[in-house]
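J.: A predicted structure for the sequence below; I have some questions about it.
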Amino acid sequence: MIPPAIQITNLCFNYSDQQNLFTGLNLTVEAGDRFGLFGPNGAGKTSLMSLMTGLLPFHEGSIHLLGNSVERNDKNAKKLFGFVPQDFSFYEELTPKENLEFFGAWSGLGKREIEQRSNELFNILALEPVKNKAVKKFSGGMKRKVNLAIGVIHNPRLLFLDEPTVGVDIETRQEIIAYLKRLNESGTTLIYTSHQLSEAEELCNKIALISNGKIIAFDTLNNLLQEHGKQDLEDLFVHLTGKAYE
Ligand SMILES: Nc1ncnc2c1ncn2[C@@H]1O[C@H](COP(=O)(O)OP(=O)(O)OP(=O)(O)O)[C@@H](O)[C@H]1O
C-alpha cells in the first residue's frame, strides 16, 4: 500500500511567546494529489509548511511524509521532498547554473546528474539563454523560475510550494502552473499555498481551509462548492471564514 504523502496526527505547536497555534491538528494528503492549503492572514499556513518540512520543531503529535517521520534537521526526510519557499532561496551573486550545482550537490546528486537535470530544467523553464548570468540581474519572474528549479533539482516525490508565482506576469504564471501540472502527472505530489485563488482553482484537486489553527474544510473543490452552494473558491472562503482573502 502506498503511504499518504502527508499524515499529520494530533499536532500541537505554539511560538514561545504566543498562545497555542495548533492544538491537535490532523491532516492526511494522499500521494499524487495537488493539495492547496488556504486561510486568512495569520491562520498558520506558513507555520504548518515549516512544521511539515522540519524547519520548525513541534511539541506534540507526529508528521509523516511518505511514511517517514519528520524530525527537525533529519537529512533523510529532507531528500524526500522539495521546498519552494516564498522568500528566494538562491545565491544572488551566482548564476542559475552555479546555483543548481550548489543545491544539487547539497541534495546528494552527483556532478553528471546535476548537469543533466539542470539542462532539462533550463529548457523546460526557458532559462537556457540566461543560465550563465548572475541571478541578481533577473526580473521577478525569472527569479521565481530559478527558485522553482532549485526546489525540484533532485526530482522529489513531494513538493512544497509557498506562493510559487507571487510577483510574476501572467505568461510566466501560466508557464509555472503548466510545469507544476506536468510534474504532478509524472507522480510528484504538490502541497501548495497561495493568495491567487483562481490559480488555485486551476491547479488543486484537493483543498483545505485553515482558520485559527484548525482545518475547517477539507475535500475536493467541487465537493466543497456543492456542499456550501458556492460558485468559486473565493466565495467559499468568505462564507467559511467570514473574511475576504487578501
Ligand atoms: N517566528 C514567529 N514568531 C512568533 N510568532 C510567529 C512567527 N511566525 C508567525 N507567527 C505567528 O503565528 C501565527 C500564524 O502565522 P503564519 O505566518 O503561519 O500565518 P499565515 O497563514 O501563513 O499568514 P499569511 O497569510 O499572512 O502569510 C500568526 O499569529 C503570526 O503572527
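T.: It's in.

J.: for the residue nearest the centre of the chain, which residues make a bridge with it?
T.: Centroid check for the chain by CA atoms, centre = their mean gives L161 as the closest residue, at 1.9 Å. Bridge pairing for L161 (DSSP bridges) gives the partners V84, Y192.

J.: From the ligand, how far out is it?
T.: 13 Å (CB to the nearest ligand atom, to the nearest Å). Yep, even glycine has a C-beta here, placed from its N, CA and C like the rest.

J.: what's near enough to touch that residue?
T.: By CB atoms under 8 Å, 6 or more residues apart in numbering, L161 lies in contact with V84, G151, L180, L190, I191, Y192, T193, S194.

J.: which parts of this protein sit against the ligand?
T.: Taking CB under 6 Å from any ligand atom, the part of the chain that reaches the ligand is made up of Y15, Q18, L21, G39, N41, G42, A43, G44, K45, T46, S47.

J.: Just the buried ones from those?
T.: Listed as buried from the residues of the chain next to the ligand are L21, G39, A43, G44, K45, T46, S47; burial here means 16 or more other CB atoms under 10 Å.

J.: for those residues, which one is nearest E115?
T.: T46 (33.5 Å; CB to CB).

J.: thought the closest one was touching Q86?
T.: Yes - applying CB atoms under 8 Å, one finds T46 in contact with Q86, separated by 7.5 Å.

J.: so what sits against both of those two?
T.: Common neighbours of T46 and Q86 (CB under 8 Å, 6+ apart) are D162.

J.: separation between S16 and Y245?
T.: Computed as CB to CB, to the nearest Å, the S16 to Y245 distance reads 29 Å.

J.: Same check on I210?
T.: I210 is 12 Å from Y245, by CB to CB.

J.: more crowded one of the two?
T.: The neighbour comparison of I210 against Y245 (other CB atoms under 10 Å) goes to I210, with 24 against 18.

J.: In contact with the more buried one, which residues?
T.: Residues counted as contacts of I210 (CB under 8 Å, 6+ apart) are L37, F38, G39, A43, G44, K45, L48, I216.

J.: Out of the residues you listed, flag the one nearest to K136.
T.: So of these, ranked by how close each gets to K136 (CB to CB), first place is K45, at 28.7 Å.

J.: sorry, back to before: of all the contacts of L161, which two lie farthest apart?
T.: The span of these, defined through CB to CB, is set by G151 and S194 at 14.8 Å.

J.: What residues of the longest helix along the chain count as buried?
T.: Assignment by DSSP state H gives helix 170-185 as the longest helix of the chain. Residues of helix 170-185 classed as buried: T172, R173, E175, I176, I177, Y179, L180, L183, N184 (neighbour count, 16+ other CB under 10 Å).

J.: so the nearest residue to the first one once chain neighbours are set aside is in which element?
T.: The spatial neighbour of T172 that comes closest, neighbours along the chain excluded (CB to CB, 6 or more residues apart in numbering), is G141 at 3.7 Å. Taking DSSP states H and E as the criterion, G141 maps to helix 140-152.

J.: now the angle from that helix to helix 170-185?
T.: 10 degrees (axes from the mean of the first three to the mean of the last three CA atoms, to 10 degrees).

J.: chain center to helix 140-152: distance?
T.: 13 Å (CA atoms, centre = their mean, to the nearest Å).

J.: who's in contact with that helix?
T.: 82-85, 88-90, 96, 99-100, 103, 118, 121-122, 125-127, 130, 135, 138, 159-161, 164-169, 172, 175-176, 179, 183, 188.

J.: change it to 6 Å
T.: The contact list for helix 140-152, computed with CB atoms under 6 Å, 6 or more residues apart in numbering, reads 82-84, 88, 90, 96, 103, 121, 125, 127, 135, 167-169, 172.

J.: Out of the residues you listed, who's the most crowded?
T.: For the contacts of helix 140-152, neighbours tallied by other CB under 10 Å; top is P96, 27 neighbours.
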